[in-house]
Every structure is written in C-alpha cells, then in structure tokens.
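Visitor: no FASTA, just this:
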C-alpha cells in the first residue's frame, strides 16, 4: 500500500463481523463492490432507490462530508473526507493520522443522495461513516452516526 491509500493508519481489510456492525440509521451506496476512483451515490437516511422512502423520522440534517474509514485491526479510523457537494461531486480530501480537518458548516436536509468518489485505496473492505442531527425518541435533538460497509475490488 502507498501512503495515499491509508497505509499510514495501519489499514487492512475489515473482518466479517465489522462489515455488518449495526448502524444508527440507514446509509447505502448505489454500487457495491466498487473500484478505487469510482463515483457512487451515497444515500443518507433512506433506502438505496432514488425517491425511496424516508426512513429517518422527522426533520434531519447532515453535513458537508462523510468519513472514508479503514479497519486498523482494532478499530475504524478515518482516512479521507468524502465531500457531499451538490456542485462538486467527487471531492475527496485525504487525512493524516492525528490531524483534524475543518470543513464548511453546511447542512443538507435528508433523505438525500450525494455523489462521492471512492479514494485510491487497495482492494478490501472499508466503510463510509456520516452523522446526522435529528429528533430523538425523547423529543430532544440528537446526533446519530451511520455507516455502510464498502468492498473495493481490483480495477482489472
């Protein structure tokens, strides 16, 4: 692996149990498996069909980006920020271990499909994670974290 593919984070393909861990709300991608560099649609808060049912009850919002994560043997670590830009599909920012990324404070009402670009990573299992702000069961506003496992296959 090169440093651009997350190897500085100790990345390896995620084990089966981690690929199917429970998400706090629905998140899906239009294609799975994918190839590095593919542009896919990320469905936040709804099922994976365009115009699908709103699965998140009440009004909910998400921010400017999702985290591309790899499994380092004991936990998920974020290696890239996948921008949710409506006018800038495919924007991806690579992270550095221990670094903090600052992104614009933009809110998008969900459910909403976003185009994101799969980073240049080695084949294996990864995940996309994002957060939403929505009404909690007790009537307060809460932050919920969702994720979806993504298999990156060889381009060949």
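Guide: Okay, I see it. Because the structure is predicted, anything quoted here is derived from the model rather than measured. Numbering: from 1, shown residues only.

Visitor: Pass me the low-pLDDT residue ranges in this protein, would you?
Guide: 1-8, 46-58, 85-106, 137, 155-156 (pLDDT under 70).

Visitor: Pairing partners for the residue sitting nearest the centre point of it in the sheet, please.
Guide: Closest to where the C-alpha atoms of the chain average out (C-alpha atoms, centre = their mean) is residue 128, at 2.4 Å. On DSSP bridges, the residues paired with residue 128 through beta bridges are residue 68, residue 148.

Visitor: all helices of the protein, in order?
Guide: Counting by DSSP state H, one finds helices in the chain at the ranges 16-19.

Visitor: Tell me who's in contact with the residue nearest to the centre of the chain.
Guide: 27, 29, 42, 66, 67, 68, 69, 82, 116, 147, 148, 150 (C-beta atoms under 8 Å, 6 or more residues apart in numbering). Backbone N, C-alpha and C define where each C-beta goes, glycine included.

Visitor: Specify which member of those is nearest to residue 9.
Guide: residue 69 (9.0 Å; C-beta to C-beta).

Visitor: correct me, but that closest one touches residue 82?
Guide: No: with contact defined as C-beta atoms under 8 Å, residue 69 does not count as touching residue 82 (10.4 Å).

Visitor: Please report how far residue 133 lies from residue 34.
Guide: In this structure, residue 133 lies at 28 Å from residue 34, with C-beta to C-beta, to the nearest Å as the measure.
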